[in-house]
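*Asks:* Task: produce atomic coordinates for the following.
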Amino acid sequence: MAIGGIRIIKLNSESILDKISEFDIFKYYMPHSDWKLNTKTYSPFREEKTPSFIINQTQNGITFYDFGDSSKKGNCFNFVKILYMCNSYNEVLRKIDFDFGLGISNNKVKNYKNIVSKYKQPSKKPNVKSYSFVQVKTKPFTTEELDYWNDYYQDENDLKENNIYSISELFLNKKRWVVDSNELTFGYLYDGRWKIYRPNADKRYKWVPNNVPITAMDGLEDIKNCHTAFITKSKKDYMVMKKIFPTCCAVQNEGIGCFNEDNLEYIRANSDRQILSFDSDKTGVENSKVITKKFGFDYCNVPRKYLEEGINDWADLAKRYGLKVIEEYLINNKIIK
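*Replies:* Alright, predicted model coming up:
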């Protein structure tokens, strides 16, 4: 399009791919360089021991697929959107335009030559620990943020005690991302590593790619020479249940890989009974059956009658009905006296 004799180029995928290639985009934003087309590599969205991510060259272009999370798939633009939690397709386009210095947004288009025209195979084996580089800039909690946690019976002292921070800026793989002022974004700190939680974001984007080990636990130090160790599956559930059940701890998710031998040995040595408590949805129940059978744990979940209300974990049950309902349920089921 031309206005007053000046050619105006619209910012879209076509104008970007006229200047750089799909491969250029994948190469620039992949956190590690040790990958090759059409071969499984380590996912940029999490730390893992077995490669579960692939970037494919097909007749229709270059696409990616995450075998560990089938919702993560698509073209290079989808990849940037997921990795950097962009809220819209236009935000993705503006980011690529800015990062590559294409000048399309401000109509100062350069005679930009493709950065990479031919793919070169990497020579080094990937180092799994280098895949996610996460740094943050923290800020004081806002009233809205404290209100959010108050719904789960947590005050500012609880947040500090559990190493939860309010985040204003993120640096993902050394690239800066500024948090919107009206968006809740929290950082969970584990031994110098950050796990980023966005509670109000779309389900796919609630958790930012992080480098926290999958075996990291909350509250392991609370399990000391006790009768019962209550093991749940998230920091929020742990914080809620600790108000009722002091010998409580939590793993990172509902996968069996969260339990390593050292943690298992410690929990068993310091408790007479171990109770696993995951979500009451299909995934939580199925994983619980596998883990309780393998490790000999007992099991106690949120009553399934609350599933119709969209409640399947302890934190949401406390938010809706209060801690007293949970306490009474645990007493009636002889979990606590």
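*Asks:* C-alpha from now on. contacts and neighbour counts both.
*Replies:* Noted.
*Asks:* contacting residues around the closest residue to residue 268 other than its chain neighbours?
*Replies:* Sequence neighbours aside, residue 274 is the residue nearest to residue 268 in space, at 7.5 Å (criterion: C-alpha to C-alpha, 6 or more residues apart in numbering). The contact partners of residue 274, by C-alpha atoms under 8 Å, 6 or more residues apart in numbering, come to 228, 229, 230, 231, 267, 268, 297, 298.
*Asks:* One more pass at 7 Å, please.
*Replies:* 228, 229, 230, 297, 298 (C-alpha atoms under 7 Å, 6 or more residues apart in numbering).
*Asks:* burial count for residue 202?
*Replies:* 11 (other C-alpha atoms under 10 Å).
*Asks:* actually residue 323, sorry about that
*Replies:* Neighbours of residue 323 (other C-alpha under 10 Å): 19.
*Asks:* So it versus residue 178, what's the distance?
*Replies:* Using C-alpha to C-alpha, to the nearest Å, residue 323 is found at 36 Å from residue 178.
*Asks:* on that earlier part again, quick check: beta-bridge partners of the residue nearest to residue 268?
*Replies:* residue 229 (DSSP bridges).
*Asks:* Run through the strands of the stretch 151-300 of the chain in chain order.
*Replies:* Counting by DSSP state E, counting those that start in this stretch, the stretch 151-300 of the chain has strands at residues 164-172, 175-178, 186-190, 193-197, 226-232, 248-250, 271-277, 298-299.
*Asks:* Where among those strands is average confidence lowest?
*Replies:* Note on the strands of the stretch 151-300 of the chain: lowest mean pLDDT is at strand 175-178, with a mean of 77.
*Asks:* name the helices or strands packed onto that one?
*Replies:* strand 164-172 (3 or more C-alpha pairs under 7 Å, 6 or more residues apart in numbering; DSSP states H and E).
*Asks:* repeat that for 10 Å
*Replies:* When contacts are defined as 3 or more C-alpha pairs under 10 Å, 6 or more residues apart in numbering; DSSP states H and E, strand 175-178 packs onto strand 134-139, strand 164-172.
*Asks:* So what's the residue count around residue 135?
*Replies:* 21.
*Asks:* So which residues make contact with the helix or strand hosting residue 82?
*Replies:* In the assignment (DSSP states H and E), residue 82 maps to helix 76-83. With C-alpha atoms under 10 Å, 6 or more residues apart in numbering as the test, helix 76-83 has contacts from 13, 21-27, 29-31, 44-45, 55, 61-65, 71-73, 85-93, 95-96, 172, 204-205, 208-209.
*Asks:* Of those residues, keep whichever come out buried.
*Replies:* 13, 21-27, 29-31, 44-45, 55, 62-65, 72-73, 85-86, 92-93, 95-96, 172, 205, 208-209 (16 or more other C-alpha atoms under 10 Å).
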